[in-house]
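Visitor: give me a model of this one.
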Amino acid sequence: MNYFFKYLKLKNPDRRLLHEAIVFLFYEKFRVHTLPFKKLVGSREQDEYSDSLNDMVLRRIRLAIRRANKLAWWSNVCLVKSLAARRMLNRRRISSSFHLGLRFENKNKLAAHAWLISGDMEITPKGRERLKEIICF
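Guide: Model prediction:
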């Protein structure tokens, strides 16, 4: 019930962003389970997007992804959150870089992580882990 009252207090632009984030999280979750990785990320060529960044828009998108992740009844891994945030940025013609990294948990166990950066802001956080970045799209 607490989420409902918080939702009612949101302004209309933030509500629309929250709705968009929920839809894209669900869509990207479906795509992650059905498509090969090459189709998920797309090409490595940089699109002709704007580099003039509005920090307020980036903060609102980052917050919408966090809020939508809390509301989603399915579990979202970092890959799904990063792909959904990237889709939201692409709709606004804002450039971003999608990063993939690895780290060793034990001697024989690897852990992967994905994060999204636009300008100097981490839209989906890298975290504090010591990751070896393997590729950036």
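Visitor: switch to C-alpha atoms for all contacts and neighbour counts from now on
Guide: Fine.
Visitor: other SSEs contacting whichever strand or helix holds Ile117?
Guide: Using DSSP states H and E, Ile117 sits in strand 110-118. With contacts defined as 3 or more C-alpha pairs under 8 Å, 6 or more residues apart in numbering; DSSP states H and E, strand 110-118 has these neighbours: helix 78-91, strand 97-104, strand 121-124.
Visitor: for the residue sitting nearest the centre point of the chain, give me its contacts.
Guide: Nearest to the centroid of the C-alpha atoms of the chain, with distances taken as C-alpha atoms, centre = their mean, sits Ser82, at 2.4 Å. For Ser82, the contacting residues are Phe98, Ala114, Trp115, Leu116, Ile123, Thr124, by C-alpha atoms under 8 Å, 6 or more residues apart in numbering.
Visitor: which one in the chain is furthest away from the centre?
Guide: Checked against the mean C-alpha position of the chain, the extreme residue using C-alpha atoms, centre = their mean is Lys107, at a distance of 29.4 Å.
Visitor: can you tell me what sits against stretch 25-37?
Guide: Judged by C-alpha under 8 Å, 6+ apart, the contacts made with stretch 25-37 from elsewhere in the structure are Leu40, Ala68, Asn69, Asn76, Val80, Lys81, Leu83, Ala84.
Visitor: dump the C-alpha coordinates for the longest helix anywhere in the chain into CSV.
Guide: Criterion DSSP state H: the longest helix present in the chain is helix 12-34. Written as CSV, here are the backbone C-alpha positions of helix 12-34 (Å, rounded to 0.1, in the frame of the first residue of the first chain):
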residue,chain,number,x,y,z
ASN,A,12,2.8,13.2,-14.3
PRO,A,13,6.2,13.3,-16.1
ASP,A,14,7.7,11.0,-13.5
ARG,A,15,4.7,8.7,-13.7
ARG,A,16,5.1,8.4,-17.4
LEU,A,17,8.8,7.6,-17.0
LEU,A,18,7.9,5.0,-14.4
HIS,A,19,5.3,3.4,-16.8
GLU,A,20,7.9,3.4,-19.6
ALA,A,21,10.5,1.9,-17.4
ILE,A,22,8.2,-1.0,-16.3
VAL,A,23,7.3,-1.7,-19.9
PHE,A,24,10.9,-1.7,-21.0
LEU,A,25,12.1,-3.8,-18.1
PHE,A,26,9.5,-6.5,-19.0
TYR,A,27,10.3,-6.2,-22.7
GLU,A,28,14.0,-6.5,-22.2
LYS,A,29,13.5,-9.5,-19.8
PHE,A,30,11.6,-11.2,-22.5
ARG,A,31,14.3,-10.4,-25.1
VAL,A,32,17.1,-11.6,-22.9
HIS,A,33,15.4,-15.0,-22.6
THR,A,34,14.5,-15.4,-26.3
